[in-house]
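J.: Requesting a structural model of the entry that follows:
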Amino acid sequence: MRGLAVLVMIECHTFNSFARLDVRNGGPYVLSQFVGGMAAPLFLFMAGMTFGFQMESLERRDPNRWRRWLVALRRAGYIMAITEITKVDILNSMALAMGAFAVAAAFDGKNRVRFALGGALAVAAIAPVIESLSWSGTPQLILEYLAPGPNRGRFPFFPCAAYVGFGLAAGAIVRRTAERTSERGAAEPMDRLMQWCALIGFAAIFTAQYFANIPFSIYPTPDFWRSSPALVFIRTGISLAMLASAYLWTEYGAAARWSWMQALGQTSLLVYWVHVMLVYGNIVKHWKRALSIPQTALAFTVVTALMVALAAARLAWKHRKKHLAYAPAPGTLVTRTN
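T.: Residues are numbered from 1 along each chain as shown. A predicted model of the protein is given here:
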């Protein structure tokens, strides 16, 4: 699922960087950016899921809830530390959201899920109010981190943190269900959960779409594409449907072999950095905003192939390093017992 998010991200950035200005009003380019709009929500949702996995593991290892909170907070701090703090991008948004939801580690079991869902709903509901506030005199950096709206952040805490909260709740539920599945030795609990994910996802999509299209709103100046709770629910619903689809394909459709999509997902941070430097860097300045739609599609294919090669090389290097670390020293007698 993270690999698919990486692929969507590469597609969005490649078209945004290379497509000529005169083709940007046409259907193919608009469609590329519409699909590409799911990249950031997917990354944030998946970051929340991973966060939920970690919190579930922490709960079993450490009974002290405040130590668990500090461990989760350090994880958010690590992501913030590897970013350029004054240039707010998706990783900055992810780190800030994880820092806010790190307190979920102090809760146990179902209370963690309730806290994550409540926090995500609150962030989504408050986002239009935050946008409508007067932010005059506020430093631009704070606006970049917090407030949606024109000339403000591309990935502000409101409403982007909601995806992390929803993902955290999903991750905690999936982890607990996976453990029950393992205990029973059958896939029924996980299959049932994925069916519910698909049903809830589609229900969220169509319900949010209905309320987004009604002619009145409880918010004074709703902005669908920047701060609307309906858009958050639609994208969260898509994420849940994709989660169920990814499980169905991985569990019952994919063969047990190397997967280029999983390779992209396993090296997502590296691929993110390298592909941004590639498609927006000076090395390709001759082709920026100079290609037709077919040429841009070809560029997307080339960039994707390069990133898959990079991911494969990175994973092979990690595997070799791990193998060498556990290999016996020359001259060491190795014994085996049955």
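
J.: Which pLDDT does the model give the most centrally placed residue in the chain?
T.: Nearest to the mean C-alpha position of the chain, by CA atoms, centre = their mean, lies Phe43 at 1.1 Å. For Phe43, the pLDDT comes out at 93.

J.: again with Arg152
T.: Looking at Arg152, the pLDDT reads 88.

J.: now the closest residue to it other than its chain neighbours: how far from Pro156?
T.: Nearest residue to Arg152, sequence neighbours excluded (CB to CB, 6 or more residues apart in numbering): Leu143, at 4.7 Å. To be clear about C-beta, it is placed using only N, CA and C from the backbone, and glycine gets the same treatment. Leu143 sits 8 Å away from Pro156, going by CB to CB, to the nearest Å.

J.: more crowded one of these two?
T.: Pro156 (24 against 17; other CB atoms under 10 Å).

J.: what residues are up against that one?
T.: Ser93, Leu143, Glu144, Tyr145, Leu146, Ala147, Pro148 (CB atoms under 8 Å, 6 or more residues apart in numbering).

J.: helix or strand for the fourth one, which one?
T.: Yep, that's Tyr145 we're talking about. helix 140-146 (DSSP states H and E).

J.: helices or strands up against that helix?
T.: Applying 3 or more CB pairs under 8 Å, 6 or more residues apart in numbering; DSSP states H and E, one finds that helix 140-146 makes contact with helix 90-101, helix 157-184.

J.: what sits up against it?
T.: Contacts for helix 140-146 (CB under 8 Å, 6+ apart): Thr86, Val88, Asn92, Ser93, Leu96, Ile130, Trp135, Arg152, Gly153, Pro156, Phe157, Phe158.

J.: is it true that the last one touches Ala127?
T.: It refers to Phe158. Yes - with contact defined as CB atoms under 8 Å, Phe158 counts as touching Ala127 (4.0 Å).

J.: so where's the stretch 51-200 of the chain uncertain?
T.: 185-186 (pLDDT under 70).

J.: Look through the protein and tell me its longest helix.
T.: helix 293-326 (DSSP state H).

J.: List the buried residues for that helix?
T.: Ile293, Thr296, Ala297, Ala299, Phe300, Val303, Thr304, Met307, Val308, Leu310, Ala311, Arg314 (16 or more other CB atoms under 10 Å).

J.: Any chance of those residues in JSON lines with distance to Ile205 and pLDDT as columns?
T.: Shown next, in JSON lines, are the buried residues of helix 293-326 (distance: CB to CB, whole Å; pLDDT from 0 to 100):
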{"residue": "Ile293", "distance to Ile205": "28", "pLDDT": "96"}
{"residue": "Thr296", "distance to Ile205": "29", "pLDDT": "97"}
{"residue": "Ala297", "distance to Ile205": "28", "pLDDT": "97"}
{"residue": "Ala299", "distance to Ile205": "31", "pLDDT": "97"}
{"residue": "Phe300", "distance to Ile205": "27", "pLDDT": "97"}
{"residue": "Val303", "distance to Ile205": "30", "pLDDT": "97"}
{"residue": "Thr304", "distance to Ile205": "27", "pLDDT": "97"}
{"residue": "Met307", "distance to Ile205": "29", "pLDDT": "97"}
{"residue": "Val308", "distance to Ile205": "30", "pLDDT": "97"}
{"residue": "Leu310", "distance to Ile205": "34", "pLDDT": "97"}
{"residue": "Ala311", "distance to Ile205": "31", "pLDDT": "97"}
{"residue": "Arg314", "distance to Ile205": "35", "pLDDT": "96"}
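
J.: Taking those together, which two end up most distant?
T.: Ile293 and Arg314 (31.2 Å; CB to CB).

J.: rewinding a little: got the CA coordinates for the helix holding Tyr145 in CSV?
T.: What follows is helix 140-146 as a C-alpha-only set of coordinates in CSV (Å, rounded to 0.1, in the frame of the first residue of the first chain):
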residue,chain,number,x,y,z
GLN,A,140,4.5,32.7,7.9
LEU,A,141,6.2,29.6,9.3
ILE,A,142,3.4,29.1,11.8
LEU,A,143,0.9,29.5,9.0
GLU,A,144,2.8,26.9,7.0
TYR,A,145,2.6,24.4,9.8
LEU,A,146,-1.0,25.0,11.1
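
J.: mind listing what's buried in it?
T.: For helix 140-146, by 16+ other CB under 10 Å, it's Leu143, Glu144, Tyr145, Leu146.

J.: next one: stretch 96-103
T.: Leu96, Ala97, Met98, Gly99, Ala100, Phe101, Ala102, Val103.

J.: Mind telling me what element the residue nearest to the centre of the chain is part of?
T.: Per DSSP H and E: helix 39-61 holds Phe43.
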